[in-house]
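**Q** whatever this is, show me its structure:
(one chain, ligands or ions: 3)
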Amino acid sequence: MLLLAGLLVGIVALGAGLVLAHAQSKAEAQQAEIERLIKLVDRSNTGKFSFDDAKQFVLDRFDKLDPDRDGTLTLAELQAPLRERMNKAKGTEKNRLQSSLKLLEAEFKAMDKDKDGTVDKNEYVALLQTRFDAANRDKDQTLEHNELKTAAGQKVLLLLGALVTPEGN
Ligand SMILES: [Ca+2]
Ligand SMILES: [Ca+2]
Ligand SMILES: [Ca+2]
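**A** Ligands and ions are numbered 1, 2, ... in the order given. All right, here's what the predicted structure looks like:
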């Protein structure tokens, strides 16, 4: 959906010829990001990953995001790595990261089921399970590249720390 929104803005702003190039490079960037994450998550080197792979990956990621090790994430903790990058970024890159921060805030709210203002591991993993199942269209044990390309797949990748592609960029 974000990709589509970006494309629509592109059509208005740039005209048809440039849009083709724009869409092409975005598709390539998305492709590369999917490949990167599959490599990180897939422990058995099969080019796809199971829910257990994804769960293990997010639990490790959770610990890295949780420097005070209290077992919960605040919004600030979730956003910290991105903020750090944003401080060093300039221009369009900075705008891109700014949109990502907003998206993370929405993600945080989606995860914080009991609305206590923090996200614990159970909440994180529960949302991962829901999104994994939604994206796993052939109902086998794994998410493949073509499933990760879909809107549902992109939502799984967000939880794995994918670089997001915000609107209008
Ligand atoms: Ca914490
Ligand atoms: Ca909570
Ligand atoms: Ca599958």
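**Q** three-state assignment of Leu37?
**A** The three-state assignment at Leu37 reads helix, by DSSP: H, G, I helix; E, B strand; the rest coil.
**Q** burial check on it, number of neighbours?
**A** Residues contacting Leu37 under the criterion other C-beta atoms under 10 Å number 20. C-beta coordinates here come from the backbone N, C-alpha and C atoms, glycine included.
**Q** pLDDT at it, what is it?
**A** With respect to pLDDT, Leu37 scores 95.
**Q** with the one 5 residues further on instead?
**A** For Asp42, the model assigns a pLDDT of 97.
**Q** before we move on, what about the one 10 residues further on?
**A** Looking at Asp52, its pLDDT reads 97.
**Q** which strand or helix spans it?
**A** Here Asp52, judged by DSSP states H and E, is contained in helix 51-65.
**Q** packing partners of the next helix or strand after that helix?
**A** Sequence-wise, the next helix or strand downstream of helix 51-65 (DSSP H and E) is strand 72-73. Using 3 or more C-beta pairs under 8 Å, 6 or more residues apart in numbering; DSSP states H and E as the contact test, the elements touching strand 72-73 are strand 119-120.
**Q** next one: stretch 91-111 to chain centre, how far?
**A** In terms of C-alpha atoms, centre = their mean, to the nearest Å, the centre of stretch 91-111 is found 10 Å from the chain centre.
**Q** which parts of it are buried?
**A** By neighbour count on 16 or more other C-beta atoms under 10 Å, the buried set for stretch 91-111 is Arg96, Leu97, Ser99, Ser100, Leu101, Leu103, Leu104, Glu107, Phe108, Ala110, Met111.
**Q** wait, does that stretch contact ligand 1?
**A** No - on the criterion C-beta under 5 Å from the ion, stretch 91-111 is out of touch with ligand 1, staying 12.7 Å away.
**Q** so is that stretch next to ligand 2?
**A** No - Stretch 91-111 lies out of reach of ligand 2 by C-beta under 5 Å from the ion, never closer than 7.5 Å.
**Q** filter the buried residues of stretch 91-111 down to the ones near ligand 3?
**A** Counting by C-beta under 5 Å from the ion, no member of the buried residues of stretch 91-111 reaches ligand 3.
**Q** just the helices from the chain, written as ranges.
**A** 2-14, 16-41, 51-65, 75-88, 91-111, 121-135, 145-148, 151-159 (DSSP state H).
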